[in-house]
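Novice: structural data only, the sequence is not supplied:
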């Protein structure tokens, strides 16, 4: 995933746990424009809980939440796209583009 995001011009960082990512983000005053997390990520926080914490401090941060489970859209934080597994790299790129370039949507056709 990191390689694909790098190829489309982003500067992705990979963390082993939500705690590691939060520690890093706390060192960045403005946060980051986008987080991509799995609902069942390692650590004590679920992916959705991690996103809620991030959005509490940095409300403009967009998010992609991946999961092998069906999630109720109303339970997702604002500006969050759910990618249900298995998803393709095209699905990931479309989700990221929708969130970081909303005025320049990518046409799948």
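Specialist: Arrived safely. Remember, predicted model here, so these are calculated numbers, not experimental data. Numbering: from 1, shown residues only.

Novice: this structure: strands as residue ranges?
Specialist: Using DSSP state E, the strands found in the chain span residues 34-38, 62-67, 80-84.

Novice: these into CSV, with extra columns for mean neighbour count?
Specialist: Using the backbone N, CA and C atoms, a C-beta is placed for each residue, glycine as well. Listed next are these as CSV, based on neighbours: other CB atoms under 10 Å:
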stretch, mean neighbour count
strand 34-38, 21
strand 62-67, 22
strand 80-84, 19
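
Novice: dump the ones you listed to CSV, plus mean pLDDT.
Specialist: Listed next are the strands of the chain as CSV, based on pLDDT from 0 to 100:
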stretch, mean pLDDT
strand 34-38, 93
strand 62-67, 93
strand 80-84, 91
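
Novice: could the ones you listed go into JSON lines alongside distance to residue 46?
Specialist: Output for these, formatted as JSON lines (distance: least, CB to CB, whole Å):
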{"stretch": "strand 34-38", "distance to residue 46": "9"}
{"stretch": "strand 62-67", "distance to residue 46": "9"}
{"stretch": "strand 80-84", "distance to residue 46": "13"}
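
Novice: so who does the residue most central in space within the chain touch?
Specialist: Residue closest to the mean C-alpha point of the chain, counted by CA atoms, centre = their mean, is residue 36 at 2.3 Å. By CB atoms under 8 Å, 6 or more residues apart in numbering, the contact set of residue 36 is 1, 5, 12, 63-64, 66, 92, 96.

Novice: can you do 7 Å?
Specialist: residue 64 (CB atoms under 7 Å, 6 or more residues apart in numbering).
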